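Prediction below, plus the sequence it came from.
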Amino acid sequence: MILFISDLHLAPQAPGVSRIFLDFLGGRARAAEQLFILGDLFEAWPGDDCLDDPDDSFAAMIVDALHDLAAAGVQLSVMHGNRDFLLGEAFAARSGARLLPDPCVLSLPAWQFVLSHGDALCTDDHEYQAFRARVRQADWQSAFLARPLVERKEAVRALRRQSESAKRDKASFVMDVNPGATDDFLRAYGYASLIHGHTHRPARHDHLVDGIHVERWVLSDWNDEQGECLCWDGETLIREHLR
């Protein structure tokens, strides 16, 4: 059994989501062979050194719970999202997770999937794509991570405020995947079924690309009331609600 989740946006200010996630890690997830977290596990990530911040133990609590899951024998894989793209090797070592490239092909005996956070397919959001290209550069990340942690935390908070403000002025379609870009992506990855998050619009979509039917599954975001995982049982994908 393989489980897929994304867009939890964990933060101290959202204790309900954290409770659901910790319960999930200690319960439902233990029955899986693999757990894939496809981006935005955290609301923000200022750098791996936040795990050793004596004034904030939240990140360490979550990462230690991930480590417990990995130690129990569940293979854990984490992909960067648009909120936590600075997750690094120290996070991976402490959590026991494997950091995935985006996109990532998952070949299974019965099916083939391609996994992505999904933000790169929102090509109509030109402002965000320019920001994404800038902050994913190694030079930008090195310079940012060289700043004191307290400054980085404030910078991340400022970026979040700017992002939320900008969203209010954007049309709905701008923040969703572009149909043409998505079909090109499916074609490039051999018509494999796509699983992604980011848009917070959980659904199953049917694409017809070059006469070939391709499924696209959009993962749900989590909130203080419930979460959701997508379960592959070896034959089919099934959504499971978590409370």
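Happy to help now that I have it.

Next, count neighbours for T182.
Using other Cβ atoms under 10 Å, the number of residues around T182 comes to 22. In this view, the C-beta of every residue, glycine as well, is placed from N, C-alpha and C.

and it, what does it touch?
The neighbours of T182, taking Cβ atoms under 8 Å, 6 or more residues apart in numbering as the test, are 121, 194, 207, 216.

Relative to Y128, which of those is nearest.
Checking the contacts of T182 against Y128 with Cβ to Cβ, the nearest one is L121 at 11.5 Å.

Could you report the neighbour count for the closest one?
Neighbour count of L121, defined by other Cβ under 10 Å: 23.

Dump the lowest-mean-pLDDT helix or strand in the chain to PDB, restricted to CA.
Between all helices and strands in the chain, the lowest mean by mean pLDDT, DSSP states H and E belongs to helix 149-167, at a mean of 86. Output of helix 149-167 as PDB, limited to C-alpha atoms (Å, rounded to 0.1, in the frame of the first residue of the first chain):
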ATOM      1  CA  LEU A 149      17.800  32.600  11.200                       C
ATOM      2  CA  VAL A 150      15.800  35.300  12.800                       C
ATOM      3  CA  GLU A 151      16.100  37.400   9.700                       C
ATOM      4  CA  ARG A 152      15.100  34.500   7.500                       C
ATOM      5  CA  LYS A 153      12.000  33.800   9.600                       C
ATOM      6  CA  GLU A 154      10.900  37.400   9.200                       C
ATOM      7  CA  ALA A 155      11.600  37.400   5.500                       C
ATOM      8  CA  VAL A 156       9.500  34.200   5.100                       C
ATOM      9  CA  ARG A 157       6.600  35.800   7.000                       C
ATOM     10  CA  ALA A 158       6.800  38.800   4.700                       C
ATOM     11  CA  LEU A 159       6.800  36.700   1.600                       C
ATOM     12  CA  ARG A 160       3.700  34.800   2.900                       C
ATOM     13  CA  ARG A 161       1.900  38.100   3.500                       C
ATOM     14  CA  GLN A 162       2.800  39.300   0.000                       C
ATOM     15  CA  SER A 163       1.700  36.100  -1.600                       C
ATOM     16  CA  GLU A 164      -1.700  36.000   0.200                       C
ATOM     17  CA  SER A 165      -2.300  39.700  -0.800                       C
ATOM     18  CA  ALA A 166      -1.400  38.900  -4.400                       C
ATOM     19  CA  LYS A 167      -3.800  36.000  -4.600                       C
END
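
separation between L8 and A72?
L8 sits 20 Å away from A72, going by Cβ to Cβ, to the nearest Å.

of those two, who's got more company?
Neighbour count, other Cβ under 10 Å: between L8 and A72, L8 has more, with 27 against 12.
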